[in-house]
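J.: here's a sequence, model it:
(one chain, ligands or ions: 1)
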Amino acid sequence: MRSPIPDYLTEVLDSTREDASGNVADYIPELARANPDVAAIALATVEGSVYCVGDAEQEFSIQSMSKPFTYALALADRGIEAVGERIGVEPSGEAFNEISLEAGTGRPLNPMINAGAIAAHSLVRADSAAERDRRVLEHYSAFAGRELGIAEEVFESEQSTGHRNLGLGHLMKSFGIIDDDPVDVVNGYIRQCSVAVTVRDLALMAATLANSGVQPVTGQRVVDAYATRHVLSVMTSCGMYDAAGDWLTTVGIPAKSGVAGGIIGVLPGQVGVAVFSPRLDAHGNSARGIRMMERISRDLGMHLMEATRPSRSAIRDHRVETVRGEDVTVYELQGDLVFVSTESLIRHAVENPPTTSVVAFDMHRVDEISDVAKKMSAEAARRMKLDGHRVVLIDPNEVLPSFELGDGTTPEYFASVADIDVGR
Ligand SMILES: NC(=O)CC[C@H](N)C(=O)O
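T.: Next up, the predicted model:
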């Protein structure tokens, strides 16, 4: 059986294809040259499964999606209180590059707009600008789980046109918000924006935040759980700039966009998602990327305000039982079936395919099953049937009554494994 998840993601990609609204960022000349039609989606779970579709090998600059990761490093280096003296946590309601600082103090409103991100970069501990650049890149690499590099053309292009960011740097230096040379700091910030990533890297970086700061594949703790919570809170209220309120109501997950066309989203405890499409809307967020995120959030039941109880693995046991002389594969499920627990169940079944003709899903310990989990398991059951298995449900508590499989048929129900009418 093949997992239905990549097919689903491909369908999301296809269904948003006609959205050609917006324009590629043109204030950074190198970004203006981007092919506007490339598009990709990646999804990484806290258990470390990664699904990528579309132009998933395409590298692009991380841009403002770097901001939460540098902020996390500044928090780790200086502590939440010291960082808070220099950078606020209030949504600005303004564009990402707005020249606005708190009256009197000169403090940037939050670390997700350029001013706050430049200040956060300056708070990364280092003896020299070069060492700071190196530490930032190492830190992002730990989040991604591979060694990342810089898109030098993007860096040079933005450096030669970065007057607005330099202006912010000089202003904050005059207010004492940044201590170091503002030109060095702004160059370092532009360098961090030029780190080259794929949607796969970004999904894993986001999944590390979803996993309380532990990289799901390498197992490395990249940032502590408390700082992660802080970063996610700020992403929720400020990540989408002046569209943050609209984003929170419609998509409802902490997110961050970048002007190269990427958006990352984090569903705490479950998944990190990354989408990529270079055309931007008026806020500087990927127009098609937003459509993709809206679909994914809705379909996968990801909106924070509808989140169910924390999920544990859906599989309690996988065994072969003998019922009146015939072997039956039993997947015993438990808990609430939401996107991530169902993903782990399907992955388990893909990696350990049933070896018997009859396959039973024992639901007697399942509490609730979300709509997305129903759809995913209906499709998985259809594929199992195509592989020649007879799929039956053990559902004595009727958590899944009149369940329709992906092919429109209804599975056979039995009260217990021993009741299955084998040999039919
Ligand atoms: N929103 C963004 O991605 C902006 C990042 C870009 N490097 C800038 O500073 O203008």
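
J.: can I get stretch 346-354 in CSV? Just the C-alpha atoms.
T.: Extracted in CSV, the C-alpha atoms of stretch 346-354 (Å, rounded to 0.1, in the frame of the first residue of the first chain):
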residue,chain,number,x,y,z
ILE,A,346,-0.8,4.6,8.1
ARG,A,347,3.0,4.9,8.1
HIS,A,348,3.1,1.8,10.4
ALA,A,349,0.8,-0.1,8.0
VAL,A,350,2.9,1.0,4.9
GLU,A,351,6.1,-0.1,6.6
ASN,A,352,4.7,-3.3,8.1
PRO,A,353,2.1,-4.4,5.6
PRO,A,354,-0.4,-7.0,6.7
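
J.: run the chain-centre distance for it.
T.: With Cα atoms, centre = their mean, to the nearest Å as the basis, stretch 346-354 stands 24 Å off its chain's centre.

J.: stretch 228-236 now?
T.: 13 Å.

J.: please point out which parts of it sit buried.
T.: Neighbour-count burial for stretch 228-236, counted by 16 or more other Cβ atoms under 10 Å, picks out 228, 230-232, 234-236. Glycine gets a C-beta too; all of them are placed from N, C-alpha and C.

J.: in the least confident helix or strand in the chain by mean pLDDT, what's buried?
T.: Within the chain, no helix or strand scores below helix 244-250, which has a mean of 87 by mean pLDDT, DSSP states H and E. Residues of helix 244-250 classed as buried: 244, 247-248 (neighbour count, 16+ other Cβ under 10 Å).

J.: before we move on, what about stretch 295-310?
T.: Residues 295-297, 299-304, 307-308 are the ones in stretch 295-310 that count as buried (16+ other Cβ under 10 Å).

J.: before we move on, what about stretch 61-77?
T.: Of all the residues in stretch 61-77, those buried under the rule 16+ other Cβ under 10 Å are 61-76.

J.: what helix or strand is V186 located in?
T.: helix 182-193 (DSSP states H and E).

J.: tell me what that helix is packed against?
T.: Helix 182-193 is packed against helix 114-122, helix 129-144, helix 152-159, helix 163-174, with contacts defined by 3 or more Cβ pairs under 8 Å, 6 or more residues apart in numbering; DSSP states H and E.

J.: and the angle from the longest one to helix 114-122?
T.: Compare the direction of helix 129-144 with that of helix 114-122 by axes from the mean of the first three to the mean of the last three Cα atoms, to 10 degrees and you get 100 degrees.

J.: would you mind identifying the next helix or strand past helix 129-144?
T.: Heading C-terminal from helix 129-144, the first helix or strand you meet, by DSSP H and E, is strand 149-150.

J.: how about that next one and the ligand, touching?
T.: No. Contact of strand 149-150 with the ligand (Cβ under 6 Å from any ligand atom) is absent, the minimum separation being 12.8 Å.

J.: which strands border that strand, and is each parallel or antiparallel?
T.: Strand 149-150 has the following strand partners under DSSP bridges: strand 195-197 (antiparallel).

J.: and the next helix or strand past the strand it pairs with?
T.: Downstream of strand 195-197, the next assigned helix or strand under DSSP H and E is helix 199-210.

J.: domain-wise, how is this structure divided?
T.: Following the assignment in automatic domain parsing, the chain carries domains at 5-306, 315-419.

J.: return the most buried member of those.
T.: Mean neighbours per residue, mean count of other Cβ atoms under 10 Å, is largest over the domains of the chain for domain 5-306, with a mean of 21.

J.: and this structure, which residues reach the ligand?
T.: For the chain, the residues in contact with the ligand (Cβ under 6 Å from any ligand atom) are 63-64, 96-97, 114, 158, 165, 193, 258-259, 284.

J.: hang on, the earlier thing: pull the helix holding V186 out as PDB, backbone CA atoms only.
T.: Output of helix 182-193 as PDB, limited to C-alpha atoms (Å, rounded to 0.1, in the frame of the first residue of the first chain):
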ATOM      1  CA  PRO A 182      24.700  48.900  12.700                       C
ATOM      2  CA  VAL A 183      26.100  48.200   9.300                       C
ATOM      3  CA  ASP A 184      27.600  44.900  10.400                       C
ATOM      4  CA  VAL A 185      24.400  44.000  12.100                       C
ATOM      5  CA  VAL A 186      22.200  44.800   9.100                       C
ATOM      6  CA  ASN A 187      24.600  42.900   6.800                       C
ATOM      7  CA  GLY A 188      24.300  39.900   9.200                       C
ATOM      8  CA  TYR A 189      20.500  40.200   9.100                       C
ATOM      9  CA  ILE A 190      20.600  40.300   5.300                       C
ATOM     10  CA  ARG A 191      22.800  37.200   5.300                       C
ATOM     11  CA  GLN A 192      20.400  35.300   7.500                       C
ATOM     12  CA  CYS A 193      17.600  36.200   5.100                       C
END
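
J.: circling back: and which of the buried residues of helix 244-250 is nearest A44?
T.: For the buried residues of helix 244-250, the minimum distance to A44 (Cβ to Cβ) is 20.6 Å, reached by W247.

J.: apart from its chain neighbours, what residue comes closest to the closest one?
T.: M240 (4.0 Å; Cβ to Cβ, 6 or more residues apart in numbering).

J.: for the chain, give me the ranges with low pLDDT.
T.: Residue ranges of the chain with pLDDT under 70: 307-312.

J.: and the helix or strand that contains V366, how far out from the chain middle?
T.: Using DSSP H and E, V366 maps to strand 358-369. With Cα atoms, centre = their mean as the basis, strand 358-369 stands 29 Å off its chain's centre.

J.: so which elements touch it?
T.: If you count contacts as 3+ Cβ pairs under 8 Å, 6+ apart, strand 358-369 packs onto strand 326-337, helix 371-386, strand 390-394.

J.: again, 7 Å this time
T.: Contacts defined by 3 or more Cβ pairs under 7 Å, 6 or more residues apart in numbering; DSSP states H and E place strand 358-369 against strand 326-337, strand 390-394.

J.: angle of it against strand 326-337?
T.: If you take the same axes, to 10 degrees, strand 358-369 sits at 10 degrees to strand 326-337.

J.: and strand 358-369 with strand 390-394, angle?
T.: 40 degrees.
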